[in-house]
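[1] sequence plus predicted model, see below.
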Amino acid sequence: MAIWRPMTERDLPGVMRVADEIHRDLPERESIFRERLGLFPEGCMVLVSEEGEEEKKGREEVGGYVVSFPIRHGRPPALNQPLGGDAIPPDADQYYLHDIAILPALRGRGAAARCIARLLDGVARRYPTTCLISVYGTVPFWTRFGFAPEPVDDDAAMRDKLRGYGPGATYLVRRNA
């Protein structure tokens, strides 16, 4: 059984193992994950599996993660760049789902949907909208949760950021209830 729980510093090696496998073409340094966890821990979770003998010994294997946090509207960070500062901006008015990654062996069991629902029904509701940058052709997946592409034609900074996320990267926004 795999469950989502809050991420801790001890989980970062497992998070990096998942990130390195899933995002080979979009790497981020461990310091980036550590910064996000430190700035907004309630938006960071890991998917852990407790099975067989490992369960008896209380060991968990990180099989996925999510990193999310509040931002200023329409200003997601560039890939692999620190947010800087000591806190989330006090005038943050949008929730940003930076990354959700799940190892292939744990996919197809509803784990991603459970995590996304937990975030959207919880912390994201504090903000009028939630945004993300879709990579690897995942726009159809995200539309199931109410996300839709948002035009960035008039925003040179956003177009530059999207290029850093690879070909086909798409900025998506969802209106929160």
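    On my side now, so go ahead.

[2] tell me which residue is most central in the chain.
    In the chain, the centroid-proximal residue (CA atoms, centre = their mean) is D99; its distance is 2.3 Å.

[3] any idea what that residue is bridged to?
    V67 (DSSP bridges).

[4] wait, it touches F69, no?
    No - counting by CB atoms under 8 Å, D99 sits too far from F69 to count as a contact (10.8 Å). Where you see a C-beta, it was placed from the backbone N, CA and C, and this is true even at glycine.

[5] now the strands for this structure?
    For the chain, the strands defined by DSSP state E occupy 2-6, 44-49, 61-71, 94-102, 129-134, 148-149, 170-175.

[6] now the last one, how far from the centre of its chain.
    Between the centre of strand 170-175 and the centre of its chain there are 14 Å (CA atoms, centre = their mean, to the nearest Å).

[7] got the contact list for that strand?
    76, 120, 128-134, 139, 142, 145-150, 152, 158, 162 (CB atoms under 8 Å, 6 or more residues apart in numbering).

[8] are any of these buried, and if so which?
    When neighbours are counted using 16 or more other CB atoms under 10 Å, those contain these buried positions: 76, 120, 129-134, 142, 145, 147, 152, 158, 162.

[9] could you list the low-pLDDT ranges of this protein?
    50-59 (pLDDT under 70).

[10] the helices in it, which residues?
    With DSSP state H as the definition, the chain shows helices at residue ranges 12-22, 30-39, 52-56, 111-121, 139-143, 156-164.
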